[in-house]
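Engineer: Attaching a predicted model along with its sequence, questions to come.
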Amino acid sequence: MAVEQGGAEAEQALVDQWRDMLALHARTQCELDRALHRHGLCASDFEVLDVLAESAAHDVSCGFRVQEIAERVHLSQSALSRLIARLEKDGLVERGLCAEDRRGVRVALTGKGRALHGDVRPVQRAVLTRMLTD
């Protein structure tokens, strides 16, 4: 009986840990959305800009395919496609063929997107620091 109870307590501790992680994620997402809203972005918008900025920093000059972005930002491909369309409409990203690889459409930051990312990155990092450090 004591072994079963110990197993149940360990299981409950695991469930509690999972729920704490979910709560932290939700609180952090809300804080990010609140802070980024002043700049016309939500947390998911910024994540896409951040991934694309990373690609530019690593000299991936033609950006990423939508599938590659989806793997990094944890959105469905359809949700990401809508988000990219909105960012494109706002002039922050552009879709096009990569000069090195004409098989698929790539997404890259525009100059306006790079500038906005540079302005907003410290805001996002400050929220992460505040929310995720003890």
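Structural biologist: Arrived safely. What you see is a predicted model, and the numbers here were worked out from it, not measured in a lab.

Engineer: quick one, strands of this structure?
Structural biologist: Under the criterion DSSP state E, the chain carries strands at the ranges 93-98, 101-109.

Engineer: looking at these, which has the lowest confidence?
Structural biologist: By mean pLDDT, the lowest-scoring of the strands of the chain turns out to be strand 101-109, with a mean of 80.

Engineer: Go through the strands of the chain and name the closest to residue 80.
Structural biologist: Ranking the strands of the chain by proximity to residue 80 (C-beta to C-beta) places strand 101-109 first, at 9.3 Å. All C-beta spots, glycine's among them, are computed from the backbone N, C-alpha and C.

Engineer: low-scoring pLDDT stretches of the chain, where are they?
Structural biologist: Flagging of the chain using pLDDT under 70 yields the residue ranges 1-4, 57-62, 98-103, 134.

Engineer: again, only using 80
Structural biologist: Residue ranges of the chain with pLDDT under 80: 1-6, 56-62, 98-104, 134.

Engineer: For residue 66, the count of nearby residues, please.
Structural biologist: Burial of residue 66 is recorded as 21 neighbouring residues (other C-beta atoms under 10 Å).

Engineer: Same question for residue 122.
Structural biologist: Residue 122: 9 surrounding residues under other C-beta under 10 Å.

Engineer: Please name the residues that touch it.
Structural biologist: Contacts here follow C-beta atoms under 8 Å, 6 or more residues apart in numbering; on that basis residue 122 touches nothing.

Engineer: Great, nothing more from me.
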